[in-house]
Structures are given as C-alpha cells and as structure tokens.
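Student: sequence plus the predicted model coming up.
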Amino acid sequence: MTRAHRRTGLTGCAVLASALLLVSCSSGADKGKDTDHSPSPVPSRSASGGSTDEKRLTEQAQAALAAVHSGQLVESGAERVTDGIHTEPDLTKGKTYKLYLVCYGSGSARLALKPASAGSPTTVPCDQSVVQQRITGQKPLRMDVDGAQGATGVIAWRIDAV
C-alpha cells in the first residue's frame with residue numbers, strides 16, 4: 001500500500017511539474033514579439049525624435065496625401081527623411097502617373113527619377129506642403145528622395161495611376 005501511495009504521489013508530482021513547465025514556457029514565448037503583425041511604416045527610432053513623434057508625423061503625412069490624391073493607388077509609403085525613399089515602382093511603360101510627396105519635419109529633400117525622362121528633379125520642403133508631379137512610366141524606373149544635410153522628420157509618397 002505504501003508503495004502504491006508513493007507511486008501515485010510521484011505521478012501527481014510529475015504531472016504537476018510538467019504542467020508548470022508547459023505554462024511557464026508558453027507564457028514567455030510571446031515576450032519581446034510584436035503581437036501586431038502589420039508592417040511598420042518607419043523604424044522605431046530616428047534623428048527626429050522618438051517613435052511617438054515618428055508615428056504622429058507619419059500619420060499626419062499620410063493623411064495629407066489621402067486628402068489630395070486622385071486616381072488609383074499604385075504605390076505608397078513613408079520613411080524617415082534621414083533614410084530617404086529608394087524604390088523601383090512597377091509602372092507601365094509610357095503610361096502617365098501622378099506622384100505626390102509630402103514632408104513633415106524640418107529642412108528639405110530632393111526627388112530624383114532615373115531615367116531622367118520619367119520626370120524632373122524636384123525639391124520637397126519639409127513644411128507640410130504636398131508636392132505633386134506627373135511622371136511617365138519607364139522600365140525600369142528608380143525613384144530616390146534624399147534629405148538635405150540636417151533635414152529631419154518623415155517623408156511620405158503616393159503614386160496614382162491617372
């Protein structure tokens with residue numbers, strides 16, 4: 001009887017220990033992971049301030065673009081001015097598009113398209129004004145927007161099919 005009682009007690013302890021291990025391992029599995037699986041438009045830290053400032057500036061810049069766009073969205077995004085925009089949008093050769101840029105922060109940025117026949121170089125002031133330009137689809141097309149020295153903040157862009 002003592003042996004059976006001892007075996008039951010050991011079995012109970014083993015079950016309890018397994019349950020505790022399972023709970024402790026699974027409760028810590030999500031620590032440090034982002035539970036929101038949506039992509040972040042900008043990294044969490046920048047020269048323009050903390051992630052709260054970046055989020056606020058990004059939301060404001062995207063709202064400004066949403067208020068003025070026309071046509072069907074092809075591509076959009078937002079980046080830190082210090083990181084710049086470097087993208088190769090998939091545009092139909094010869095088709096006309098409208099490019100919108102807005103910068104929230106300080107300083108300015110410079111738009112360059114390659115090949116140059118796609119559109120003209122433009123300065124984008126970081127004063128919350130929306131800059132727009134018609135561009136022509138090219139294969140391949142490269143769009144670079146680089147911040148001027150000392151420029152900070154967030155720059156957002158949107159390309160619409162016209």
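Tutor: The structure has been received and is ready for your questions. Numbering: from 1, shown residues only.
Student: and the strands in this structure?
Tutor: When secondary structure is read from DSSP state E, the chain shows strands at 72-80, 85-87, 96-114, 122-136, 142-147, 152-161.
Student: and the lowest mean pLDDT element among the helices and strands of the chain?
Tutor: helix 2-27 (a mean of 42; mean pLDDT, DSSP states H and E).
Student: wait, R142 touches L113, no?
Tutor: Yes. In this structure R142 lies within contact range of L113 using Cβ atoms under 8 Å: 7.1 Å. For glycine as for every other residue, the C-beta is placed from the backbone atoms N, C-alpha and C.
Student: so where's this structure shaky on pLDDT?
Tutor: 1-50 (pLDDT under 70).
Student: let's see that with 80 instead.
Tutor: For the chain, residues meeting the criterion pLDDT under 80 lie at 1-51, 69.
Student: how near is Q60 to L101?
Tutor: Q60 sits at a distance of 14 Å from L101 (criterion: Cβ to Cβ, to the nearest Å).
Student: more crowded one of the two?
Tutor: Set side by side, Q60 and L101 show more neighbours around L101, with 23 against 14, by other Cβ atoms under 10 Å.
Student: verify the stated contact: that one with D144.
Tutor: No. With the criterion set as Cβ under 8 Å, L101 and D144 do not qualify as a contacting pair; they are 11.9 Å apart.
Student: tell me how far the closest residue to S70 other than its chain neighbours lies from D127.
Tutor: Spatially, and ignoring its direct neighbours in sequence, S70 is nearest to D160 (6.1 Å; Cβ to Cβ, 6 or more residues apart in numbering). If you measure D160 against D127 using Cβ to Cβ, the figure is 22 Å.
Student: distance check, the residue nearest to S70 against S106.
Tutor: Taking Cβ to Cβ as the measure, D160 falls 27 Å from S106.
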